[in-house]
Each structure stands twice: as C-alpha cells, then as structure tokens.
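Q: Based on what follows, work out the 3D shape:
(one chain, ligands or ions: 1)
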Amino acid sequence: MPRLVSGVHLTGWGAYAPSQILTNADLERMVETNDEWIVSRTGIRERRIAGPDETTASMAAVAGLRAIATAGLQPDDIDLILVGTLTPDFPMPSTAALVKGAIGNKHAAAMDLAAACSGFVFGYATAHAYVASGMAKHVLVIGAETLSRCTDFTDRGTCILFGDGAGAAVLSASDEPGGTLGIEMTTDPSGAYLIWLPAGGSSRPASDATLGAREHYMKMKGTETYKMAVRTLGSTSQAALKKAGLGLDDIDLVIPHQANVRIIEGLAKSLDFPMDKVFVNVGSYGNTSAASVPLALNEAVAAGRVKKGDRLLLVAFGSGLTSGAIALEWTADPANAARAANIGPGDVSIQPGYLEPINPFPPALEWLLK
Ligand SMILES: CC(C)(COP(=O)(O)OP(=O)(O)OC[C@H]1O[C@@H](n2cnc3c(N)ncnc32)[C@H](O)[C@@H]1OP(=O)(O)O)[C@@H](O)C(=O)NCCC(=O)NCCS
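A: Numbers count the residues shown, from 1 in each chain. Down below sits the predicted model:
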C-alpha cells in the first residue's frame, strides 16, 4: 500500500439534529419493549425524528452550510459535494445535487455515496483522494439520514435503534503539517444481508406484494451484526493506525460509529483502549448511520474534547458490510465553531413544492406532531 499523500486537513465541521425527540417511553407505547431493556442492550435513551418539512437533503444542507462557515469559506469555494446516505430524498436526482442548490453553490460537482453507516468515513476517504490529487481544493463531505422513514415501527428488534440527523466536514488542501494521516476502507459482501432494505431497488421494485411484506423497511440479524461490528471495527482501526505509522497510544480520542454502546465498549476492550478516550453520544441520538460519526465529531469538539494537535481516530461499520477508519491530526481552532452559530434551517433553500404529495410523515409517528 503506498504511503498516504498528506496536506489534507479537516478545516470545517457542522451538524444538524431535528428537534423532535422519540424517547424509550414513547417506544414502550408502540411495541412490546421497555426502557430498561433498551438502555441495557444499547445505551440508547432517545433519538431525533425529522419533521414533516424535513428530508435528508434539508438536514444535510444545514450541516453542510455550518461546516463551510466553520472553515471560514463561502459555499462557492467548495469544488465537490459528497453526501453519504442510505436514505436519499430520491434515487435520482442525488441528494448532493439538492444540497448544492440549497446552499447556493454554483460550480461544485455533487454526488451521493452509498456505503450505509460507513458513508461519512468513505466520503472522507474519497474527499481526501480528490484533494490530495489536486482535483479539488475544498470538498464538503456530509453524512445525513432520515432513517425514521424506513424504520419498521412494528419491529421491536430494529425500531429502538435508529434516528435522524446530519453531520458534515470540509476537507481542504494545506501545506501545514498534520491533517489526514492514515485511511483504511474495507467491504465484505459475505455479510451483505445481515442488515439490508430488501425492496425498492431493481431486484425487488415496489409492488403490492413488497408493501404487504413490509420489505421497504430495514431488516437486521442483530446478534450476527453485533459480532461482526466489534470484530471489524477493531481490525479496521488497527489497519488505519498502521498505515499512519501510529500506535493506539498516540490517539487522544476515538470517535466510533454510534450504533450501540455495547459495540463501542466491545471495540475499546478488543483494542485494550480506555473508554474515557472514546466519544459516546449514542444515548441521545441512537444510530444515525452515515450521520453518526460527524454528529459525534461535532459534539466532541463542542464539548472541548478535541484540541489543536490532537490525534483522532474516526471508525465506522455498516451494511455492505463496509468499514472505514481515518487517523488524523486535528489542526483547526475549535473556537471556529462560533462562525456557524447563527446558521439554521432558514438559511438553506430546498426547492419547495415536491414535499407535500410524496412525503407523508411515517403513520406510526404521526402522534408526535400533535
Ligand atoms: C439489536 C440488539 C440490541 C439485540 O440485542 P441482543 O442481545 O442480540 O438480543 P436478541 O436479538 O438476541 O434478543 C434477545 C431477546 O430479546 C427480545 N427483544 C428483541 N428486541 C427487544 C426489545 N426492543 N425489547 C424487548 N425485548 C426485545 C428478543 O425477542 C429475544 O427474546 P427471546 O429470547 O424470547 O427470543 C443487538 O443484537 C445489537 O445491537 N445488534 C447490532 C445492531 C446494530 O448495531 N446494527 C447496525 C450496525 S451499523
């Protein structure tokens, strides 16, 4: 494996979480479950649910605009927009194209990236390659999901796990030392159907039969997925560190995919790494798939857990089975987050008009709106 070309820095970060909260007590009224079971098996207490006027693109655009502001850039400084998502607004156009319009960028190329929960980390790796090769100077990478729209709220094995949100980063070219140090990406199709969404693609196009069989919702073999996740997160982390020429002792903070606190603890144990150097916010958001790592990164910075010169390890795992890890040296001033303080949903302009007829709020959650 050739050594990584350096000079690629994370210069901007931003996130957006919808305001509606779905608690474990709420889920107790929907399926046969209880708070004690959910907390002890997953660490999740609540998750955010996108509102009826929100989609993956609208949330991604807010997170993206915040990341651009944090980097001290204007939307038009961005050369490439990548959106990792498994819940795009549509199969086409891409969510990235909608985000480009919404943030008012005029010249960037924009495309989506399908790597499920590893979507942001795979997007980061792709952005790194574009910047390192000179094809782009600034790339906006977003992980955004509206998982509540493909969660089966009659299936207690999955509906307790997932939530909505968006997180973003800007990667930029710079001659400063630090930045990205090592990247690992793996895909293991032997586990492709451990977590999947059977219908709506070319294999099983939408029909009365697929609707009747609830095949437009995520399905998962929980226990097998759990075991694969712990194993793969560990091996991917080790591989990225090796490529960076670092050991675990060099890492100040691990920011893992927030799927389940027990998976995260299993990862720390397998690496013999202290949990107090692992960032965890799954309790407040559940598993937000591609949004989880950048949402956690944003909260870690806001909580003062990331300083200039710190070495971070971002690591994710998802359907595919995909896994990716990034070792990086943080070079930005965490105080730059203040630049994005006033940016909100009102600052992005998703083309109105298409939402009403085709975006019904999930019937199982309609009561949340009352
Ligand atoms: C889903 C998960 C929490 C289930 O925990 P588990 O310990 O594996 O539990 P099991 O699936 O073996 O189920 C144990 C029992 O709890 C029950 N159960 C499942 N979901 C339940 C719920 N929400 N509330 C109460 N009981 C539940 C099961 O029916 C089973 O009952 P049984 O023994 O009578 O058959 C766990 O497997 C997991 O987190 N897997 C990884 C999921 C993940 O992170 N996916 C995304 C990866 S990106």
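Q: Name the nearest residue to residue 243, sequence neighbours excluded.
A: Closest residue in space to residue 243, ignoring its immediate chain neighbours: residue 182 at 3.8 Å, by CB to CB, 6 or more residues apart in numbering. For the C-beta atoms, the positions are set from N, CA and C on the backbone; glycine is no exception.
Q: Could you look up the SS state of that neighbour?
A: The three-state assignment at residue 182 reads strand, by DSSP: H, G, I helix; E, B strand; the rest coil.
Q: shouldn't it be in contact with residue 327?
A: Yes - in this structure, residue 182 is within contact of residue 327 by CB atoms under 8 Å, at 4.1 Å.
Q: neighbour-wise, which of these two wins?
A: residue 327 (26 against 20; other CB atoms under 10 Å).
Q: pretty sure the more buried one is in a strand, no?
A: Yes - according to three-state DSSP, residue 327 belongs to a strand.
Q: List the contacts of it.
A: Contact partners of residue 327, counting by CB atoms under 8 Å, 6 or more residues apart in numbering, are 180-183, 240-241, 243-244, 246, 251, 311-313.
Q: Out of these, grab the one that's most surrounded.
A: residue 313 (28 neighbours).
Q: what helix or strand is that residue on?
A: Using DSSP states H and E, residue 313 falls within strand 311-318.
Q: which residues are contacting stretch 209-228?
A: The contact list for stretch 209-228, computed with CB under 8 Å, 6+ apart, reads 147, 150-152, 154-155, 157-158, 162, 191, 194-200, 204, 206, 260, 262-263, 317, 321.
Q: Close to the ligand: what parts of the stretch 201-350 of the chain are there?
A: Residues of the stretch 201-350 of the chain lying close to the ligand (CB under 6 Å from any ligand atom) are 220, 222-223, 225-226, 229, 259-260, 263, 287, 317-318.
Q: and after the host helix or strand of residue 36, which helix or strand comes next?
A: Using DSSP H and E, residue 36 sits within helix 35-42. On the C-terminal side of helix 35-42, the closest following helix or strand by DSSP H and E is strand 46-49.
Q: same for that following strand, what does it pack against?
A: strand 20-23, strand 164-173, helix 282-285 (3 or more CB pairs under 8 Å, 6 or more residues apart in numbering; DSSP states H and E).
Q: what about stretch 82-95, start to end distance?
A: Criterion CA to CA, to the nearest Å; first-to-last residue distance in stretch 82-95 is 9 Å.
Q: And for stretch 155-170?
A: 37 Å.
Q: now swap in stretch 142-162 and tell me
A: For stretch 142-162, the end-to-end distance is 18 Å (CA to CA).
Q: near the ligand, anything from it?
A: Yes - legend: contact between stretch 142-162 and the ligand by CB under 6 Å from any ligand atom is shown at 156-157, 160.
Q: which residues of the chain fall in strands?
A: 8-16, 20-23, 46-49, 80-84, 109-113, 138-146, 164-173, 179-187, 195-196, 219-220, 253-256, 311-318, 322-329 (DSSP state E).
Q: Could I get those strands in JSON lines, plus columns for mean pLDDT?
A: Putting those into JSON lines (pLDDT from 0 to 100) gives the following:
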{"stretch": "strand 8-16", "mean pLDDT": "98"}
{"stretch": "strand 20-23", "mean pLDDT": "97"}
{"stretch": "strand 46-49", "mean pLDDT": "98"}
{"stretch": "strand 80-84", "mean pLDDT": "98"}
{"stretch": "strand 109-113", "mean pLDDT": "98"}
{"stretch": "strand 138-146", "mean pLDDT": "98"}
{"stretch": "strand 164-173", "mean pLDDT": "98"}
{"stretch": "strand 179-187", "mean pLDDT": "97"}
{"stretch": "strand 195-196", "mean pLDDT": "97"}
{"stretch": "strand 219-220", "mean pLDDT": "96"}
{"stretch": "strand 253-256", "mean pLDDT": "98"}
{"stretch": "strand 311-318", "mean pLDDT": "98"}
{"stretch": "strand 322-329", "mean pLDDT": "98"}
